[in-house]
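Colleague: Quick one, structure for this:
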Amino acid sequence: MLRALLDCLLISTAYVLPFYLQPRLPRFHPKVIIFRSFSTAIVCAFAWVPLFLAVSRHKGSDAEAVTGVLLRLLGLRWNGLGAAATLPVLLTAALFLGPLTIWAWDLHHGELASRPGRPAIQVLRDIFVGPLTEEFAFRSCMAPLLLLEGFSTARTILVTPLVFGLAHAHHLYEYIVHQGHSLGSALFAVAFQFAFTTVFGWFATFVFVRTGHLTAAVGVHAFCNLMGFPDFGALNSHPAKGVIRLAFVVGICMFCALIGPLTQPLLYANGVVEAGMGNAYLHTAQMHVKEGNRYD
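Modeller: Numbers count the residues shown, from 1 in each chain. All right, here's what the predicted structure looks like:
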């Protein structure tokens, strides 16, 4: 178990360490975005190695068996892909029914036209590069590793996002050096971001474990980045605040009611999650691969 935790910390450190190699430029600068995109891609090219080694320790030297099981555990498979690409995003959209109502009202009344847009390179980072690399490193490579090394499903869902949240602590430097915040306000901002990313990480890990698909976690992450943090101030200040309040309540109720049914493993042909942890978890994944993914 300790080895798995250390491997997770190693992946997290490798993911964020290159961010400090360009200290004089803010994170929104195009050069920084391009550099970080390449650096995280390189880290992801090696982040699967600890899981590969863990599978190899259990399965021996059969390269074909190890490769098939590895891809299955990483959430890289075809069966159930359609459901993985749509249902978790729809579930998340239900949670964001309030913000979506604000967006629809503002669009109808022409409010969005006066708001400045984001540069294309930032959109690419937030919607594609960030979700893909973060979910691969922090979900695909870490969650199966912890399960394989004996962590329960509940403990894996709890622990993995803490590493994910800590990986965002480097923003403290950004807030102080590039945005001019005081130490106190920067610490508050980082603490809030840690809490927010940890809660999101619990949800994303839950989705990944239940669906067995990287696509599901990436889709949820991209949608949340697209929407941003909900504007709770609109509950009191927006012209349509009555409708918006209702939308927030209905959305939360829908999310709570649908989170179980819409992440039902059978919808994604995912039988591995029911296997538990350790050797049973690995054995079930191998059986799915050997039987031609009949349950996949």
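
Colleague: Strands of the stretch 151-296 of the chain, start to end?
Modeller: With DSSP state E, counting those that start in this stretch as the definition, the stretch 151-296 of the chain shows no strands.

Colleague: quick one: low-confidence parts of it?
Modeller: In the predicted model of the stretch 151-296 of the chain, residues 165, 167-174, 177-179, 272-296 satisfy pLDDT under 70.

Colleague: mind listing the helices for it?
Modeller: Taking DSSP state H, counting those that start in this stretch as the criterion, the stretch 151-296 of the chain carries its helices at 153-166, 171-173, 183-211, 214-227, 234-237, 241-258, 278-290.

Colleague: Out of these, which is closest to L71?
Modeller: helix 278-290 (8.2 Å; CB to CB). All C-beta atoms are positioned from the backbone trio N, CA, C, and that covers glycine.

Colleague: Who are the contact partners of S56?
Modeller: Counting by CB atoms under 8 Å, 6 or more residues apart in numbering, S56 makes contact with V66.

Colleague: Look up how far F136 lies from it.
Modeller: 20 Å (CB to CB, to the nearest Å).

Colleague: Adding distance to L145 and mean neighbour count as columns, could you present the helices of the stretch 151-296 of the chain in TSV?
Modeller: Formatted as TSV, the helices of the stretch 151-296 of the chain follow (distance: least, CB to CB, whole Å; neighbours: other CB atoms under 10 Å):
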stretch	distance to L145	mean neighbour count
helix 153-166	9	20
helix 171-173	26	17
helix 183-211	12	19
helix 214-227	14	22
helix 234-237	41	13
helix 241-258	29	15
helix 278-290	11	18
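
Colleague: Those helices into CSV, with extra columns for distance to V16?
Modeller: Listed next are those as CSV, based on distance: least, CB to CB, whole Å:
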stretch, distance to V16
helix 153-166, 9
helix 171-173, 10
helix 183-211, 12
helix 214-227, 17
helix 234-237, 33
helix 241-258, 30
helix 278-290, 28
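
Colleague: now for those helices, which one comes closest to H29?
Modeller: That would be helix 171-173 among the helices of the stretch 151-296 of the chain, by CB to CB, at 14.4 Å.

Colleague: What residues of the host helix or strand of V123 count as buried?
Modeller: Using DSSP states H and E, V123 sits within helix 120-124. Neighbour-count burial for helix 120-124 flags I121 (criterion: 16 or more other CB atoms under 10 Å).

Colleague: Which strands or helices does the next helix or strand after it pack on?
Modeller: Sequence-wise, the next helix or strand downstream of helix 120-124 (DSSP H and E) is helix 130-135. On a contact count with 3 or more CB pairs under 8 Å, 6 or more residues apart in numbering; DSSP states H and E, helix 130-135 meets helix 30-47, helix 214-227.

Colleague: which residues make contact with helix 130-135 from outside it?
Modeller: 15, 37, 40-41, 43-44, 164, 204, 208, 214, 217-219, 221-222, 225.

Colleague: one more time with 10 Å, if that's ok
Modeller: Counting contacts by CB atoms under 10 Å, 6 or more residues apart in numbering, the residues outside helix 130-135 that touch it are 15, 33, 36-37, 39-44, 47, 75, 124-125, 141, 164, 167-168, 197, 201, 204-205, 207-208, 214-226.

Colleague: Out of the helices and strands packed on helix 130-135, which gets nearest to V129?
Modeller: Once the helices and strands packed on helix 130-135 are compared by CB to CB, helix 30-47 is nearest, at 4.7 Å.
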